[in-house]
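S.K.: Generate a structure from the sequence data that follows.
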Amino acid sequence: MGRSVKWRFINSGVAGTSHRATNLPCQDSCFVDVVSTQSAEEVLVGVASDGAGSAAKAEISSELVCTALFIKAETWLKAQTSIKDLTLEIVQDWIREVRTNLEHKAKEESIPFRDYSSTVLLAIIGDTESVFAQIGDGAIVISDEEQYVVVFWPENGAYANMTYFLTDEDFEAHLQIKRISTSPLELAILTDGLQLVALKYDTKTAYPPFFNPMFRRLRNEPPGMSHNLCDALAIFLDSPALNERTDDDKTLLLASRRSG
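M.R.: Numbers count the residues shown, from 1 in each chain. Predicted structure coming up:
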């Protein structure tokens, strides 16, 4: 990778069985990598998005959101000496700009803006500070060796299959942004297809037995992206055991800087 990287990370997504039955692709996207600041601080940037099942451009929208947000974070970080200067207002502006770009794209194509509906999940973790943002469902889970913590509980509307999207007129009312003065050792970002198996709804907490085996395996990998484990993760996400629990698209991003 041309640089020293402490983080180990993997990501994968598979189409749900309901999507495959109707010849639809996976409408989730995700991306993760390490970005170095001018002071050589290694900052992990992870982003995921779930395109709305009813949106004609769902898979394109989720990919555009992930790509645009990562580029904005990367560009900003490379021009800074520390993540400490990353304010919530800056992240909010990034998300507004991504939304505006999607709106312009819809106008150019003469299609409804809602055809680009998608959720947003963003995690930026530096040496001593972290910033997180989310619109809609899915979850960002962090760990400090002691416990798993869900940063924002998935936001659904009046119905179980309803959520909020970046394209909504009142998207800012559902934009959750948080800064913490700690640096988690592990991160997971998942789309809503995995919520029922990765989260405990009665206590609104993460479900450790879902995460523990995968993180234990990831900790033994060399730093950087583990492509072999990405392939293994895709097989797991498409396993009969998981497909019996959910027929939705399933996307998972994992990152760890623990070893052994």
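S.K.: Under a three-state scheme, what state does the closest residue to Val141 other than its chain neighbours occupy?
M.R.: The shortest distance from Val141 to any non-neighbouring residue, by Cβ to Cβ, 6 or more residues apart in numbering, is to Ala188 (4.2 Å). C-beta: built from backbone N, CA, C; applies to glycine. The three-state label given to Ala188 by DSSP: H, G, I helix; E, B strand; the rest coil is strand.
S.K.: Beta-bridge partners for Ala188, please?
M.R.: Val141, Leu254 (DSSP bridges).
S.K.: I'd like the distance between it and Phe215.
M.R.: In this view, Ala188 and Phe215 are 8 Å apart by Cβ to Cβ, to the nearest Å.
S.K.: Identify the contacts common to the two.
M.R.: Contact with both Ala188 and Phe215 is made by residues Leu254, according to Cβ atoms under 8 Å, 6 or more residues apart in numbering.
S.K.: looking at this protein, which residue lies furthest from center?
M.R.: Farthest-out residue of the chain from its mean C-alpha position, per Cα atoms, centre = their mean: Ser110, at 29.1 Å.
S.K.: any idea which helix or strand comes after the helix or strand of the chain with the lowest mean pLDDT?
M.R.: Of all helical and strand segments in the chain, the minimum by mean pLDDT, DSSP states H and E falls on helix 17-21, at a mean of 87. Using DSSP states H and E, the helix or strand that follows helix 17-21 towards the C-terminus is strand 28-36.
S.K.: Name the nearest residue to Leu77, ignoring sequence neighbours.
M.R.: Leu77 sits nearest to Val35 (Cβ to Cβ, 6+ apart), 4.6 Å away.
S.K.: Burial check on that neighbour, number of neighbours?
M.R.: Val35 has 19 neighbouring residues, counting by other Cβ atoms under 10 Å.
S.K.: quick one, helices of the stretch 51-200 of the chain?
M.R.: 58-78, 88-108, 195-198 (DSSP state H, counting those that start in this stretch).
S.K.: With Leu102 as the reference, measure out to the nearest residue to Val45 once chain neighbours are set aside.
M.R.: Nearest residue to Val45 in three dimensions, chain neighbours excluded: Ala73, at 4.8 Å (Cβ to Cβ, 6+ apart). Distance of Ala73 to Leu102, given as Cβ to Cβ: 17 Å.
S.K.: Tell me if I'm right that Asp50 and Ile189 touch.
M.R.: No. Counting by Cβ atoms under 8 Å, Asp50 stays clear of Ile189, with 10.8 Å between them.
S.K.: Find the residues that touch each one of those two.
M.R.: Listed contacts common to Asp50 and Ile189 are Gly138; contacts here mean Cβ under 8 Å, 6+ apart.
S.K.: neighbour count winner among these two?
M.R.: Per other Cβ under 10 Å, whichever of Asp50 and Ile189 has more neighbours is Asp50, with 33 against 26.
S.K.: The more buried one: what's it in contact with?
M.R.: By Cβ under 8 Å, 6+ apart, the contact set of Asp50 is 27-28, 62, 118-119, 136-138, 191-193, 249, 251.
S.K.: switch to 6 Å and redo it
M.R.: Asp50 sits next to 28, 119, 138, 191 when contact means Cβ atoms under 6 Å, 6 or more residues apart in numbering.
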